[in-house]
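S.K.: test case, fold it:
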Amino acid sequence: MSMRIPEEFLALLRQKIDIVDIVSEYVRLKRAGRSLVGLCPFHSERTPSFHVTPSKGFYHCFGCGAGGTAITFLMDVEQLSFLQAIERLAQKAGLPMPVIEDRPADDLYSQKRSQLLQITDLAAKFYNHILMNHDAGTQGLTYLLNRGLTKKTAAQFELGVSPGTGRTLTDFLRRRQFSVDLIEEAGLGFLTDRGELRDRFRGRVMFPISDIQGRTIGFGARALGAEEPKYLNTQETPLFKKGNVLYGYSRARQAIRQTGKVLLLEGYMDVIGLHQSGLLNAVATLGTALTPEQAGLLRRVAEEVILVYDGDSAGRQAAQKSIQVLRALQVPVKVAQMPQGVDPDEWVREQGAETFRANVLETAMGALQFELLMLTHKHPDHMSSGRIEYLREAMQIVANEDSSIEREATIEWLSRTYSISLSALREDLQAQLRAKEKRSQTDRSVKKWNTVSRAYTVERPSDNAKLPAKHEVAERQLLTYMLLDAAIAKQVESGLATEFSLPIHSALQAYLYTFYADHEAADPELFLSGVDDPEVLQFATKLLHHAPETEELGSESGAIRDYIQCVIAYGVEKELATVSMQLKLASERGDIAGMKAMEAELWRLQRELSAGVREVRARA
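M.R.: Numbers count the residues shown, from 1 in each chain. Down below sits the predicted model:
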């Protein structure tokens with residue numbers, strides 16, 4: 001797939017791009033020896049198994065098998081084609097893309113996305129211009145200023161106003177030669193029953209919504225009058241899926257990675273107000289309950305989520321729902337306690353960021369503690385006649401907590417508070433945990449998730465799997481050295497007349513022979529970028545992760561010969577078994593001539609095996 005792009009350009013691009021920088025935009029990485037590790041963005045896991053090796057320029061997950069280079073990482077995590085990933089990396093590196101002849105038909109999708117990005121970006125700039133420079137934006141600007149925002153902040157977040165006349169934006173876009181179909185597809189306009197093109201957003205404050213790269217993909221809009229609904233989002237488009245996006249995520253991502261914490265809010269103004277006050281790790285859902293996809297975004301970069309929801313009943317219920325979604329992805333959660341009727345941005349504006357941090361964020365309670373507190377609202381008599389019923393439900397909640405330390409501390413607190421024996425609570429907890437494990441065994445496949453766009457299907461050996469045969473080990477070692485050294489690849493090709501024994505081994509062998517037919521030197525990154533078989537890519541990156549440093553290869557010449565001889569010997573042994581069976585069959589038939597021929601072949605193969613040398617025969 002990479003042959004459409006000049007290799008000189010790919011080599012220059014690899015020099016400019018650091019895979020750690022690319023992956024770190026999506027995964028919180030920590031140093032572990034020569035590698036960096038983090039939670040895999042492609043499947044659910046509690047213990048990090050996703051490794052990035054900067055010196056070798058690739059990543060590999062030992063959990064789901066995903067692996068490859070910076071190019072394949074972007075392809076998988078962003079659902080991009082190969083050319084789209086190259087274009088994205090070239091943009092980051094500041095390199096102009098070479099002219100690509102005969103672009104594939106599926107790249108028309110990329111062109112349509114580019115047009116949609118262009119038109120939504122232009123719409124955002126148009127709305128912002130109205131807000132900052134036009135009489136039609138006065139009401140919207142007054143609203144924002146009264147909410148405590150500065151003009152500088154409004155400009156930074158590219159806030160805007162959609163005029164109430166009904167055709168201002170669409171007329172502007174048509175003058176810019178954008179088609180009616182594209183305006184409709186971007187969610188910026190609609191056709192009336194009489195076929196007139198009208199603005200979708202009218203008389204509203206506009207909040208541009210960005211993807212994780214910071215590109216405008218849609219809008220949130222707040223009515224300036226009594227129009228309903230009060231808040232309106234862009235409809236679902238090829239760019240915009242409301243449940244997959246978090247407001248402010250692209251701006252907050254760096255601060256989230258630095259602090260390890262993310263503040264999850266409910267409204268656009270809350271996010272903007274906190275950012276203006278220096279709390280840069282704040283994001284928000286788009287007026288809906290937190291989705292697993294949004295939780296997955298947070299999980300990639302944050303070690304802890306702090307829910308900062310309204311203190312009213314609706315806010316508490318939303319917090320409980322978010323806890324369940326985040327807990328399913330093993331994301332640690334805390335809940336900040338907000339006074340009822342006070343928005344977070346209002347609190348920060350009046351009390352200051354440091355006071356907010358000290359009195360709200362640093363006093364946030366754990367998810368388990370919060371759920372038990374909410375349970376008391378359901379059982380107002382939990383300290384008297386409703387004590388047993390409260391404790392029965394409380395133990396179900398405690399059993400959902402993954403941390404045994406949290407569980408133990410909580411039941412000790414329950415024992416003291418409600419004057420019930422600790423042994424009784426522990427017995428009930430163990431029963432709940434056994435029931436939970438039984439349920440998890442029946443629906444484990446449902447709870448696991450895997451978002452990698454390409455199918456990684458190579459099965460991992462079970463704990464009781466047999467050790468690989470020695471010839472399989474030899475083949476793996478040879479393939480590893482072939483990935484790192486062109487001369488060894490040529491040595492193997494000339495020394496072996498057969499394919500390797502396992503299908504995945506022979507597939508990688510064929511890719512390597514093809515690569516070295518066109519390349520004089522080894523280049524693992526370039527090789528991996530040209531592998532379009534997911535199973536082969538996974539296998540190759542796994543081998544490279546365990547590969548020795550290239551300077552160590554010079555002392556392995558004797559081992560290379562031994563590995564080749566081991567593979568040859570296995571082939572001879574297979575032929576011996578085949579000839580022995582043919583001799584047996586000839587004997588049963590009374591075929592004297594056939595028996596003599598098979599005996600002669602047996603002697604030849606046995607001498608060959610004993611001598612440790614086999615002639616290399618050309619195979620058709």
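S.K.: can you get me the start-to-end distance on stretch 153-170?
M.R.: One end of stretch 153-170 sits 27 Å from the other (Cα to Cα, to the nearest Å).
S.K.: can you name the residues in contact with that stretch?
M.R.: With Cβ atoms under 8 Å, 6 or more residues apart in numbering as the test, stretch 153-170 has contacts from 123-132, 136-137, 139-141, 144, 149, 183, 188-189, 197-199, 201-208, 216, 221, 224, 272, 275-276. No exception for glycine: its C-beta is placed from N, CA and C like everyone else's.
S.K.: not counting sequence-adjacent ones, nearest residue to residue 478?
M.R.: residue 563 (5.0 Å; Cβ to Cβ, 6 or more residues apart in numbering).
S.K.: so which of the contacts of stretch 153-170 are in strands?
M.R.: 189, 197-199, 204-208, 216, 221 (DSSP state E).
S.K.: show the contacting residues for the residue nearest to residue 478.
M.R.: 474-475, 477-478.
S.K.: any of the contacts of stretch 153-170 buried? List them.
M.R.: 123-124, 126-128, 130-132, 136-137, 140-141, 144, 149, 183, 188-189, 197, 199, 201-208, 216, 221, 224, 272, 275-276 (16 or more other Cβ atoms under 10 Å).
S.K.: low-confidence stretches in the chain?
M.R.: Scanning the chain with the threshold set as pLDDT under 70 gives 1-4, 100-110, 441-467, 549-557, 579, 605, 608-620.
S.K.: okay, now the domains of it?
M.R.: 2-103, 108-240, 249-372, 379-447, 470-611 (automatic domain parsing).
S.K.: any idea how far residue 583 is from residue 592?
M.R.: Using Cβ to Cβ, to the nearest Å, residue 592 is found at 12 Å from residue 583.
S.K.: more neighbours: which of those two?
M.R.: residue 583 (19 against 10; other Cβ atoms under 10 Å).
S.K.: do I have it right that that one meets residue 595?
M.R.: Yes: assessed by Cβ atoms under 8 Å, residue 583 is found in contact with residue 595 at 6.2 Å.
S.K.: follow-up on the earlier one: secondary structure element for the residue nearest to residue 478, which one?
M.R.: helix 557-589 (DSSP states H and E).
S.K.: compute the inter-axis angle for the following helix or strand past that helix and helix 557-589.
M.R.: Note on helix 557-589: by DSSP H and E, the next helix or strand toward the C-terminus is helix 592-611. Between helix 592-611 and helix 557-589, the angle comes out at 160 degrees (axes from the mean of the first three to the mean of the last three Cα atoms, to 10 degrees).
S.K.: report all helices and strands that helix 592-611 contacts.
M.R.: helix 557-589 (3 or more Cβ pairs under 8 Å, 6 or more residues apart in numbering; DSSP states H and E).
S.K.: in the helix it packs on, what counts as buried?
M.R.: 560, 563-564, 566-572, 575-576, 579, 582-583, 586.
S.K.: what's the offset of the helix holding residue 563 from the middle of its chain?
M.R.: 46 Å (Cα atoms, centre = their mean, to the nearest Å).
S.K.: could you identify the most distant pair in the contacts of residue 563?
M.R.: 475 and 477 (7.3 Å; Cβ to Cβ).
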